[in-house]
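Asks: Need a 3D model of the following:
(one chain, ligands or ions: 1)
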Amino acid sequence: MKKVEKEKKTRNRLEGLGHCKPCTVLSGCYFVKSRLPKKKAEGDGLLHPNCDCKLTGITKPNGKITASCPIEKFTRYIFSDEEKYLVNGKRELFESLGLGKEDSEYLKMEFDVQAKQKYLNGDYEIGKLDEHGQRISITITVNSATRKNIKLITGWMVYPLGKIVCTTPLGG
Ligand SMILES: [Zn+2]
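Replies: From the prediction side, this is the model:
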């Protein structure tokens, strides 16, 4: 069984025992102290009343962080020719900034490198937390042939052991 599947099963079992899913999904995830998941409800627990979660100090996972933005996020989403994606206007926006499908490799590389460093250093904003995980947003700076220092707000999902995966290459 795949590790992810195994984890899901464990979490389903934990839910049956009364643990809340948005909490179990945070197990083993790295955050800097000044940018922790937001409290879901007021109360004496860490994230909500009767929360069993504990904050554990871990050493900064230098070298262990992996940030990955699947190239398909650009080739098959942002720069897709499909009507259902064109309507979101993201392709138009990217193209107005001088970025096209041929820049997918470059964008992917910049996203991976910059997100890794920013996540490690706590240079992110805490987003929505639900049963699928904690989302964070990271500002990525890219250049195109026509413009310098284009700032993109990007969305990422946090996984255990220092792993983040890009879910939204252009948020907001
Ligand atoms: Zn909890």
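Asks: For the protein, which segments count as strands?
Replies: Per DSSP state E, the chain carries strands over the ranges 66-68, 125-130, 133-142, 150-159, 163-168.
Asks: Can you check which of the ones you listed gets nearest to the ion?
Replies: The ion lies closest to strand 125-130 among those, at 10.6 Å (CB to the ion). Yep, even glycine has a C-beta here, placed from its N, CA and C like the rest.
Asks: what about the closest one and the ion, touching?
Replies: No. If you take CB under 5 Å from the ion as the test, strand 125-130 misses the ion, and the best it gets is 10.6 Å.
Asks: residues from this protein in reach of the ion?
Replies: 23, 47, 51, 53.
Asks: would CSV of the residues you listed with pLDDT and neighbour count be doable?
Replies: Below are these laid out as CSV (pLDDT from 0 to 100; neighbours: other CB atoms under 10 Å):
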residue, pLDDT, neighbour count
23, 91, 22
47, 91, 19
51, 89, 17
53, 89, 17
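Asks: Make TSV from those residues and add distance to residue 75 to it.
Replies: As requested, the residues of the chain next to the ion are exported to TSV (distance: CB to CB, whole Å):
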residue	distance to residue 75
23	36
47	37
51	41
53	38
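Asks: closest to residue 159 among these?
Replies: residue 23 (15.2 Å; CB to CB).
Asks: shouldn't the closest one be in contact with residue 49?
Replies: No. Between residue 23 and residue 49 there is no contact under CB atoms under 8 Å: 12.0 Å.
Asks: Can you name the residues that contact residue 119?
Replies: Under the criterion of CB atoms under 8 Å, 6 or more residues apart in numbering, the neighbours of residue 119 are 30, 65, 67, 136, 138, 156, 164.
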